[in-house]
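S.K.: got a sequence here, can you build the structure:
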Amino acid sequence: MDEDDIQNQQDPPLVLSLKDLVKAESYDDLKSKLCDENNVEALETELWDVIGELCSHLTEENELYKEKLVDACETGLLHISKTCSAKESLLYLLEQLDCFKDDLKFKLVLTPIQNVLLRLPAKRQHSLEFTLTTVYAHVEELPALEDYQLENEETKLLSANENVTRYEDLVKVILDFLQPFVSEVSKVTVDEKEIVDKILHQRETLAKFLLKLLEKPLVCLDLSTYENDSCSGSRLLAQRIIDQMSEMFGDFHKMTQNLQAKSVKLNESDEKVSKLGLSCFCYLVLCEHIQIDHYPSVYNQLYTLEYALQFIICLSNQKHSLATRKGISMATTLVGNIPCHSLQHYFLESDDFMEFLEAMAMVMIQSPMKELRQDTVKCLPVLLSKFNSHGRNMLIYHILNKCTHSGLLGYIIQLFKDEIDHSLTRGDDSDLWFLGKHVSSHFDIIFRLPDSALTDLLDKSDHIMAALNLLRYLVIRDPPHVNATGIWQRVEHLQQSFLEQIRKAIDMSRAHYRMKLEKVSQKGKKKNEAETEFNVSVGGAVMPNIPKDQQKHIMQVALDNFDMIESVAVRVQELIEHNKKPVLKV
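M.R.: As a prediction, the model looks like this:
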């Protein structure tokens, strides 16, 4: 006796007859038997076995080769969900749903579960929560979306990605499943407190779940619109989520505040609102302007930016580039809405703002995507322009004081130079925040070599060149008899601690690289010896065996860089000697 015979002896009568019909490929008879009113009692008795048998055939393989079988099983499940015990049907169907082998079974079982839940209005609260937990468990089991680091028009290619399509199909089915439960608690006006509490609880349950869908998978998908107003399937799904939210909540700001406040009070074991999902939600509303009329216009732009900083930070700190892009896009939009020179300096005292600056700096410095780095860099001068002169002074000093990246330091020094130029051009005493004693501490940082003559000139070249250009500008633009910036009071010190140290560093670095270049260029040198003589370190990892020609090119570029730094430093020294006069105090 084989295993099938043993199993058949254990199966109840109705299940045995169903198996015979499947084996005989009598799918129309299978459908008729399942929907026969005379079999209702047998269905109730054998419910667990029947549901298991029908769900076992809901496979993608059967959908391709036995479409009628899948249709018959789906019809049977729908019939069961409408006629059999709602409580038992829900338990057995959820047991089938809690299986991560096949998306088809997941999608086809959702509608019967929806039918059963709609038959349980009195027990909806617990049943819906348990169901949504099971549904999202399937989403969580799906593989994480790979970060292809696509830029500009390349993001459209995601629509053809198999995993993206899979996610979109699942989210669409889930949103269809949720719709009746959203509709029944939308715009409901009742007076009974018990009913009101149930409605509010269901709204909160649904809102938390929708935010989890925004966390995974949608935050890592392209949710923007294109120039011709077209958009991806992911964007359409995001719009549906926001639309469902708008059905349940008239005030999005109040909704987010309430959800966050309740999460703070929950125990560690309780499910809290998704911070990343909430961040994606705010991005869609405040940046993409989906259902923006549900965000009250009574809140001014400054308050909106202050409140949204936590979400900008959350998105910008994500590793996936599409999530990071959402944070930078929201920052650009909300900062752009602030009137110029309207932010006071005390706004910089906010911990969230300091964390926001740090997040922006990390993207500018570490993002592997050129477009994303450039967009973040463009946001910095816009942000600077929103502060009053006191605030701009403090913001520049903060970045100078905290940043160690040469490229970013060079850029902020250029912005600092522009502010000084603006103050000198005005030529009055109405704005002194970039003159005299107010820029002294900035100069201390800018004109400082971290390791004196031993400073790595290549690593710090952007900072050094920007500092030299600033000094050259100051010597020309602010002569000794004016000395509005106070630069001439520190010229002698700068000649010794800055210019002289640069000269020494250039001499040592040039001699070092010339020696290396000479070694590489020697004829008759063994190939292996030459290739291992020069290494490049990237992120702490050494990359050996650089080809000989590339070694020579790298060292020649370094020598050219030293020449450029030297020419500017010599010119600055000449200008100082030419203009040096008795210093007038500021």
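
S.K.: quick one: low-confidence residue ranges for the stretch 301-450 of the chain.
M.R.: Counting by pLDDT under 70, the stretch 301-450 of the chain shows low-confidence ranges at 427-430.

S.K.: which parts of it are helices?
M.R.: According to DSSP state H, counting those that start in this stretch, the stretch 301-450 of the chain carries its helices in the segments 301-316, 321-336, 351-366, 370-385, 389-402, 406-426, 440-446.

S.K.: among those, which comes closest to Gln125?
M.R.: The closest approach between Gln125 and any of the helices of the stretch 301-450 of the chain, judged by C-beta to C-beta, belongs to helix 301-316 at 29.2 Å. Heads up, the C-betas are built off the backbone N, CA and C, glycines and all.

S.K.: now that closest one: buried residues?
M.R.: By neighbour count, with 16 or more other C-beta atoms under 10 Å as the criterion, the buried positions of helix 301-316 are 302, 304-316.

S.K.: same question for stretch 130-145.
M.R.: Of all the residues in stretch 130-145, those buried under the rule 16+ other C-beta under 10 Å are 131-132, 134-136, 138-139, 145.

S.K.: pipe these into TSV and attach distance to Met465, secondary structure and pLDDT per row.
M.R.: As requested, the buried residues of stretch 130-145 are exported to TSV (distance: C-beta to C-beta, whole Å; DSSP: H, G, I helix; E, B strand; the rest coil; pLDDT from 0 to 100):
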residue	distance to Met465	secondary structure	pLDDT
Thr131	62	helix	95
Leu132	57	helix	96
Thr134	60	helix	94
Val135	57	helix	95
Tyr136	53	helix	95
His138	55	helix	92
Val139	51	helix	92
Leu145	41	coil	90
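
S.K.: quick check, Phe562 in contact with Ser509.
M.R.: Yes. With contact taken as C-beta atoms under 8 Å, Phe562 and Ser509 are classed as touching, separated by 5.8 Å.

S.K.: shared neighbours, the two?
M.R.: Common neighbours of Phe562 and Ser509, using C-beta atoms under 8 Å, 6 or more residues apart in numbering, are Leu457.

S.K.: re the thing from before, between the buried residues of helix 301-316, which sits nearest Asn228?
M.R.: Leu315 (26.0 Å).

S.K.: what about the closest residue to that closest one other than its chain neighbours, distance to Lys123?
M.R.: Taking C-beta to C-beta, 6 or more residues apart in numbering, and ignoring the residues beside it in sequence, Leu315 has Gly327 as its nearest neighbour in space, at 3.0 Å. In this structure, Gly327 and Lys123 are separated by 41 Å, where distance is defined by C-beta to C-beta, to the nearest Å.

S.K.: returning to what we had before: who's in contact with the residue nearest to Leu315?
M.R.: Applying C-beta under 8 Å, 6+ apart, the residues contacting Gly327 are 279, 283, 311-318, 359.

S.K.: how about His341?
M.R.: His341 sits in contact with 385-389, where contact means C-beta under 8 Å, 6+ apart.

S.K.: just flag the most distant two among those residues.
M.R.: Lys386 and Ser389 (12.0 Å).

S.K.: how about the residue nearest the centre of the chain: what's its closest non-neighbour residue?
M.R.: With the centre of the chain defined as its mean C-alpha position, the nearest residue by C-alpha atoms, centre = their mean is Ala323, 2.3 Å away. Nearest non-adjacent residue to Ala323, counting by C-beta to C-beta, 6+ apart: Val219, 4.9 Å away.

S.K.: isn't there a helix covering that neighbour?
M.R.: Yes. Membership of Val219 in a helix is supported by DSSP: H, G, I helix; E, B strand; the rest coil.

S.K.: need the pLDDT of it.
M.R.: Each residue has a pLDDT score; the one for Val219 is 97.

S.K.: and if you look at the one 5 residues further on?
M.R.: At Ser224, the predicted lDDT confidence score is 90.

S.K.: neighbours of it, how many?
M.R.: Number of residues near Ser224 (other C-beta atoms under 10 Å) recorded here: 18.

S.K.: may I have the phi/psi pair for it?
M.R.: Geometry field for Ser224 lists phi and psi as phi -90, psi 170, criterion degrees, to the nearest 10.

S.K.: with Thr225 instead?
M.R.: When quoted as degrees, to the nearest 10, the phi and psi of Thr225 stand at phi -100, psi 160.

S.K.: could you check how far it is from Phe356?
M.R.: Noted for Thr225: a distance of 25 Å to Phe356, by C-beta to C-beta.

S.K.: so between those two, which is more surrounded?
M.R.: Taking neighbours as other C-beta under 10 Å, Thr225 and Phe356 compare with Phe356 leading, 22 against 14.

S.K.: how about the more buried one, nearest residue that isn't a chain neighbour?
M.R.: Excluding its sequence neighbours, the residue lying closest to Phe356 (C-beta to C-beta, 6+ apart) is Leu309, at 5.1 Å.

S.K.: is it true that the one you found touches Leu357?
M.R.: No. Contact status for Leu309 versus Leu357: not in contact, 10.1 Å apart, counting by C-beta under 8 Å.

S.K.: that older thread, and which of the buried residues of stretch 130-145 is nearest to Glu44?
M.R.: Minimum distance to Glu44 across the buried residues of stretch 130-145 is 21.5 Å, recorded for Thr131 (C-beta to C-beta).

S.K.: now that closest one: how far from Leu104?
M.R.: For Thr131, the distance to Leu104 (C-beta to C-beta) stands at 19 Å.

S.K.: in stretch 506-522, what's buried?
M.R.: The neighbour-count check on stretch 506-522 (16+ other C-beta under 10 Å) flags 506, 509-510, 513, 516-517, 520 as buried.

S.K.: ugh, wrong one, stretch 177-185
M.R.: 177-178, 181-182, 185.

S.K.: among those, which are in strands?
M.R.: In strands, judged by DSSP state E, none of these are found.

S.K.: okay, now the closest residue to Ser85 other than its chain neighbours: neighbour count?
M.R.: Residue nearest to Ser85 in three dimensions, not counting chain neighbours: Glu44, with 6.3 Å by C-beta to C-beta, 6+ apart. Residues contacting Glu44 under the criterion other C-beta under 10 Å number 15.

S.K.: over to Leu348?
M.R.: The burial count assigned to Leu348 is 17, neighbours taken as other C-beta under 10 Å.

S.K.: residue contacts, it?
M.R.: Contact partners of Leu348, counting by C-beta under 8 Å, 6+ apart, are 354, 387, 391, 394-395, 398.

S.K.: the residues you listed, buried ones only, as a PyMOL selection?
M.R.: The buried residues among the contacts of Leu348 can be selected in PyMOL (16+ other C-beta under 10 Å) with this line:
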select buried, resi 387+391+394+395
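
S.K.: save the contacts of Leu348 as a markdown table, and put in distance to Asp451 too.
M.R.: Converted to a markdown table, these look like this (distance: C-beta to C-beta, whole Å):
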| residue | distance to Asp451 |
| --- | --- |
| Met354 | 28 |
| Phe387 | 33 |
| Gly391 | 33 |
| Met394 | 28 |
| Leu395 | 27 |
| His398 | 23 |
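
S.K.: kindly list the longest helix within the protein.
M.R.: With DSSP state H setting the assignment, residue counts place helix 548-579 as the longest helix in the chain.

S.K.: that one - what's its average pLDDT?
M.R.: Taken as a whole, helix 548-579 has a mean pLDDT of 85.

S.K.: give the buried residues for it.
M.R.: By neighbour count, and taking 16+ other C-beta under 10 Å as the criterion, the buried residues in helix 548-579 are 551-552, 554-555, 558, 561-562, 565-566, 568-569, 572-573, 575-576.

S.K.: give the other helices and strands that that helix contacts.
M.R.: helix 461-477, helix 500-521, helix 527-532 (3 or more C-beta pairs under 8 Å, 6 or more residues apart in numbering; DSSP states H and E).
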